[in-house]
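A.B. asks: here is the input, now give the coordinates:
(chains A and B)
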Amino acid sequence: MPTRNDRSSGMSVVEALRVVADLCCGQQIVVTNQGSARIWPKLRRRPLDVHYNPSTMSGAIPLALGLALAQRHREVLAISGDGSLLMSLGSLVTVVGSGATNLTIVLLDNGLYEVTGGQETPAARMAIDYAGIARAAGFPTSLEFRDLSDWRARAADVLTLPGPRFIRLVVSAAPAEYLISSTPPLPEQLAGLKTSLEIA
Amino acid sequence: MFTGPEIEAVFAELGITHVVWIPDTAIGPWEASLAGSSRLRLIRVCREGEAWPLAAGLHLGGQIPLVVMQTTGLFESGDALRNVLFDMKLPIYSLIGVRNWLAPQSRDSAKTFAEPILNAWGLDRQWIVEPADKPKLAEHFCRCRLAGVPGITLLAEGAP
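C.D. replies: Presented below is the predicted three-dimensional model:
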């Protein structure tokens, strides 16, 4: 068992997310939360982005799953931190059990509760095989990337593999300037989302 | 109190598209009717805290979800409920089974804390205590939907 958090050598979380942002098409719904909700709006702003803050930790994946089940013709992408996923690992089973195939979970794994100041999760000093857990839960596509150039080279193809998809990105902590929240109020965002989805 | 076919018919006539649930012993017998329904989908979650944001996503995507769980799950999922109903301000409706409500001698804390917790949330609610109350579920659901507010039907249950 490792005795230190080995994610410090992971890829830049900002650059890792930039790869996803650059690949997002017009019809895709993206749900961010916690740290990613603070970084993503600095990379890209789209009407179908849901920056789920204030959130319930572990709520982003179920929220994205609900959107995926409601909007079967759209791809939905949930960006979750490892701390949030650990609060509800069962949500991976819920995703597969629901039958949704139009959902991708991107796990940003830095072993930290980042928005509270970078405290370690219980898994920080352990080699948790999140992709293996997702595979065991029944995800037909479950991959992990530690190297940015590898992620950049394969991301477009990975996002077209059979869903639901689970992608673990081993990332380093976000630069402090990216953790300053600039997301609009949630009710305002949700009203915009419903308008974009043409829901009365 | 409700049979499976009865409750499936009530939910379908209300236009409910998805039932997001973790059952208890009183609600569990509805499973075959809900799972076999051609008019709505049964979504099984692993933990009650998943049910509220999942229902939120369904609602935002244009569907009409219903959350179904026991009071124990209501307590467990309090933060998710708070976030969806109060931060996100979404009018999600739920049906909560109140364990042991019909057992007068019961000291089950799942019964004791049901009303105080709901009083704290300040949520609009409707009790179904006896068969004659059954129509109140649809009436209350429609009132809440028309007003665009969340609501809860509390289903009085006997001992598990």
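A.B. asks: drop to CA atoms for contacts and neighbour counts, all remaining ones
C.D. replies: Fine.
A.B. asks: could you see whether chain A lies near stretch B:33-48?
C.D. replies: Yes - using CA under 8 Å from any CA of the partner chain as the criterion, contacts between stretch B:33-48 and chain A involve B:I43, B:R44, B:V45, B:C46, B:R47.
A.B. asks: pull the distance from that stretch to the chain's centre.
C.D. replies: In this view, stretch B:33-48 has its centroid 13 Å away from the chain centroid, taken as CA atoms, centre = their mean, to the nearest Å.
A.B. asks: how about stretch A:20-32?
C.D. replies: The offset between the C-alpha centroid of stretch A:20-32 and the centroid of the whole chain comes to 11 Å, using CA atoms, centre = their mean.
A.B. asks: can you list the buried residues in that stretch?
C.D. replies: Of the residues in stretch A:20-32, those buried by neighbour count under the rule 16 or more other CA atoms under 10 Å in any protein chain shown are A:V20, A:A21, A:C24, A:Q28, A:I29, A:V30, A:V31, A:T32.
A.B. asks: and if you look at stretch A:159-177?
C.D. replies: By neighbour count with 16+ other CA under 10 Å, stretch A:159-177 contains the buried residues A:159, A:163-174.
A.B. asks: next one: stretch B:100-115
C.D. replies: When burial is assessed from 16+ other CA under 10 Å, stretch B:100-115 yields the following buried residues: B:N100, B:W101, B:L102, B:A110, B:K111, B:A114.
A.B. asks: and the residue of chain A that's closest to chain B?
C.D. replies: Here the residue of chain A nearest chain B is A:G66; by CA to the nearest CA that distance is 3.9 Å.
A.B. asks: residue 147: neighbour count?
C.D. replies: Answering for chain A, as no chain was given. Using other CA atoms under 10 Å in any protein chain shown, A:D147 is surrounded by 16 other residues.
A.B. asks: can you look at chain B instead?
C.D. replies: Each residue near B:A147 was counted by other CA under 10 Å, and the total is 10.
A.B. asks: give the contact list for it.
C.D. replies: Applying CA atoms under 8 Å, 6 or more residues apart in numbering or on different chains to B:A147 gives no contacts.
A.B. asks: save the buried residues of stretch A:159-177 as TSV, and put in secondary structure too.
C.D. replies: Listed next are the buried residues of stretch A:159-177 as TSV, based on DSSP: H, G, I helix; E, B strand; the rest coil:
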residue	secondary structure
A:L159	coil
A:G163	coil
A:P164	coil
A:R165	strand
A:F166	strand
A:I167	strand
A:R168	strand
A:L169	strand
A:V170	strand
A:V171	strand
A:S172	coil
A:A173	coil
A:A174	coil
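A.B. asks: want to try TSV for the residues you listed, with distance to chain B as columns?
C.D. replies: Below are the buried residues of stretch A:159-177 laid out as TSV (distance: CA to the nearest CA, whole Å):
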residue	distance to chain B
A:L159	21
A:G163	18
A:P164	16
A:R165	18
A:F166	18
A:I167	20
A:R168	21
A:L169	23
A:V170	25
A:V171	26
A:S172	28
A:A173	26
A:A174	25
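A.B. asks: re the thing from before, what sits closest to the residue of chain A closest to chain B if chain neighbours are left out?
C.D. replies: Distance criterion CA to CA, 6 or more residues apart in numbering or on different chains; nearest residue to A:G66, sequence neighbours excluded, is B:G57 at 3.9 Å.
A.B. asks: give me phi/psi at that neighbour?
C.D. replies: With angles defined as degrees, to the nearest 10, B:G57 sits at phi -60, psi -40.
A.B. asks: what about it, distance to A:S12?
C.D. replies: Distance of B:G57 to A:S12, computed by CA to CA, to the nearest Å: 30 Å.
A.B. asks: who touches stretch B:105-116?
C.D. replies: For stretch B:105-116, the external contacting residues (CA under 8 Å, 6+ apart) are B:T71, B:T72, B:V98, B:R99, B:N100, B:W101.
A.B. asks: the last one and B:E157 touch, don't they?
C.D. replies: Looking back up the chat, that one is B:W101. Yes - B:W101 sits in contact with B:E157 when judged by CA atoms under 8 Å, with a separation of 5.5 Å.
A.B. asks: any low-confidence regions in chain A?
C.D. replies: Residue ranges of chain A with pLDDT under 70: A:1-4, A:200.
A.B. asks: near chain B, which residues of it?
C.D. replies: Selection of chain A residues close to chain B by CA under 8 Å from any CA yields A:54-56, A:58-60, A:62-71, A:88, A:90-91, A:93-94, A:97-98, A:186-187, A:190, A:193-194, A:197, A:199.
A.B. asks: got the contact list for A:A68?
C.D. replies: With contacts defined as CA under 8 Å, 6+ apart, the neighbours of A:A68 are A:R74, A:E75, A:V76, A:A100, A:N102, A:L103, B:G57, B:L58.
A.B. asks: could you rerun that using 7 Å?
C.D. replies: Applying CA atoms under 7 Å, 6 or more residues apart in numbering or on different chains, one finds that A:A68 lies in contact with A:E75, A:V76, A:A100, A:N102, A:L103.
A.B. asks: neighbour count and secondary structure added to those, as CSV?
C.D. replies: Supplementary listing: those in CSV, determined by neighbours: other CA atoms under 10 Å in any protein chain shown; DSSP: H, G, I helix; E, B strand; the rest coil:
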residue, neighbour count, secondary structure
A:E75, 22, coil
A:V76, 27, strand
A:A100, 18, coil
A:N102, 21, coil
A:L103, 29, strand
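A.B. asks: helices along chain B, start to end?
C.D. replies: B:4-13, B:31-35, B:48-60, B:71-76, B:78-81, B:109-112, B:114-121, B:135-147 (DSSP state H).
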